[in-house]
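# 3D, please:
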Amino acid sequence: MNTLQFPLSLIFKITTLSNDFSAIDANGNTVAFVRQKLLRLLEEVQVFKNESRSDLIYTIRANKWIDFNATYIFTNKMGIEIGRIVRRGWTSLWKANYEIFSKNQQQDLIVHEENPWAKVMDSMLGELPIIGMLTGYFFHPSYIVTRSNGTPVVRLRKEVSFFGRKFTIDKLSEFINDEEERIVLGLMMMILLERQRG
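As a prediction, this is how the structure comes out:
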């Protein structure tokens, strides 16, 4: 997943029990299909080339079972680690905070929520009958990925939709080294975790 055409749209399926979504580029081409395996002690996500699920290109696995500081490791189709994303424990309960690491386990990217109140209101009102169905039109959490020096690289934002099933990744800076691949995989995993939290 290098040299993608941004913005990318992440569109969740609403007709399956699984947390499945497609990543679609600016030209309308599917560049990945993401499937979260259900009923596993250790969380695992598979990233396929398309919805046929015939070509597995990445796997993302948790290193621990239910932990606030779980690490999610990205491996390519050969099983080689290419990076990881770590959720930063108690600080992530209020405002999402994640760190993305290189294959050499050097932390060089940070993901944080821009406005935690949007998610709080989305979660609270989302539980109310009738009103809950409309929160997808009013509250739109967004997350920004920055380098260690503070340079913004991409933004992930929830789009207006009836079921809150669409997210967009916008490119803010040119990528360096292998950032693009790790950022996209990290955001794919993060959005699954954040949707579980509400």
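
# burial count for Gly28?
A count of nearby residues for Gly28, using other C-beta atoms under 10 Å, gives 8. C-beta: built from backbone N, CA, C; applies to glycine.

# let me fix that: Asn29
Quick note: Asn29 (other C-beta under 10 Å) scores 11 neighbours.

# what do you get for the one 4 residues further on?
A count of neighbours around Phe33, defined by other C-beta under 10 Å, yields 20.

# that one: what's it in contact with?
20-23, 47-51, 53 (C-beta atoms under 8 Å, 6 or more residues apart in numbering).

# report pLDDT for it.
For Phe33, the pLDDT comes out at 96.

# same deal with Met189?
pLDDT, Met189: 95.

# do I have it right that it meets Ile60?
Yes - the pair Met189 and Ile60 qualifies as a contact (C-beta atoms under 8 Å) at a distance of 5.1 Å.

# filter the contacts of Phe33 to the buried ones?
In those, burial by neighbour count holds for 20-23, 47-49, counting by 16 or more other C-beta atoms under 10 Å.

# among those residues, which are located in strands?
20-23, 47-48 (DSSP state E).

# what about Ile100, how many neighbours?
Neighbour tally, Ile100, other C-beta under 10 Å: 25.

# that one and Ile85 touch, don't they?
Yes - the pair Ile100 and Ile85 passes the contact test of C-beta under 8 Å, sitting 5.1 Å apart.

# noted, bye for now.
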